[in-house]
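> I need the structure of the sequence given here:
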Amino acid sequence: MHKASCLCGAVSIDVDATLTAPNACHCSMCRKQSGHYWASVDVPKTAMTTHGAENVTWYKASEKVRRGFCKTCGSYLFFDALFQDWTAIAMGAFDGPTGAKLAMHIFTDDKGDYYDIADGLPQNGQ
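Numbers count the residues shown, from 1 in each chain. Purely as a prediction, here's the structure:
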C-alpha cells in the first residue's frame, strides 16, 4: 500500500498496487500547471482510493484529460485520462519511499530552455 497526499492534507490517496516506472512530462501544459516538468506514475483506477475527494478541483484540459488539484493548497495531484482505466498521480505527492525509479522523459521537444536533461534516460520528443 502506498499513500500520497497534498501539501495541506485535505486530500489523501491510498494506492493498493505496485507502482510502475514513472515518467517525467515536459509538455507546456504540465510545465505551466506544475511550475516545472511533472513526474507521475499511472495507477489503475481500481487500485486507488481518494479521501477528501470533495477537496479536489478538476480542470478539464481537453476532451480526453482532466487535471486534479487540491482546492485548499493548490497541490497538483492527478492527470486523469478520462477514457482510460488509469489515473496518473504526482510522484511528489507520495509519502515516504515508493521504490519506483523514473523510466523516461516525454514531450521533451517542449521542455523549458532553462534546464538540461542529462540523466541518460530515454527521451520521447512527442
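
> can you give me the distance of the spatially most central residue of the chain to Asp113?
Residue closest to the average C-alpha location in the chain (CA atoms, centre = their mean): Ala90, at 3.0 Å. From Ala90 across to Asp113, the span is 24 Å (CB to CB, to the nearest Å). C-betas here are computed from N, CA, C, even on glycine.

> and for Asp85?
Distance of Asp85 to Asp113, given as CB to CB: 36 Å.

> cool, Lys60 as well?
On the measure of CB to CB, Lys60 and Asp113 end up 29 Å apart.

> between these two, point out the one with more neighbours.
Lys60 (11 against 5; other CB atoms under 10 Å).

> what is the least confident helix or strand in the chain?
helix 28-34 (a mean of 93; mean pLDDT, DSSP states H and E).

> residues in contact with that helix?
37-38, 59, 61, 67, 69, 76, 79, 90, 107, 110-112 (CB atoms under 8 Å, 6 or more residues apart in numbering).

> that one: how far from the chain's middle?
Centroid separation for helix 28-34 versus its chain: 11 Å, with CA atoms, centre = their mean, to the nearest Å.

> then it to PDB, C-alphas only?
Output in PDB follows, covering the C-alpha atoms of helix 28-34 (Å, rounded to 0.1, in the frame of the first residue of the first chain):
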ATOM      1  CA  SER A  28       3.900  23.000 -22.000                       C
ATOM      2  CA  MET A  29       0.700  22.200 -20.100                       C
ATOM      3  CA  CYS A  30       2.400  20.100 -17.400                       C
ATOM      4  CA  ARG A  31       5.100  22.800 -17.100                       C
ATOM      5  CA  LYS A  32       2.500  25.600 -16.700                       C
ATOM      6  CA  GLN A  33       0.400  23.700 -14.200                       C
ATOM      7  CA  SER A  34       3.200  22.400 -12.100                       C
END
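
> in that helix, what's buried?
Met29, Cys30, Arg31, Ser34 (16 or more other CB atoms under 10 Å).

> checking the closest residue to Gln126 other than its chain neighbours next. Helix, strand or coil?
Using CB to CB, 6 or more residues apart in numbering and skipping residues adjacent in sequence, the residue nearest Gln126 is Asp109, 5.8 Å away. Following DSSP: H, G, I helix; E, B strand; the rest coil, Asp109 is assigned to helix.
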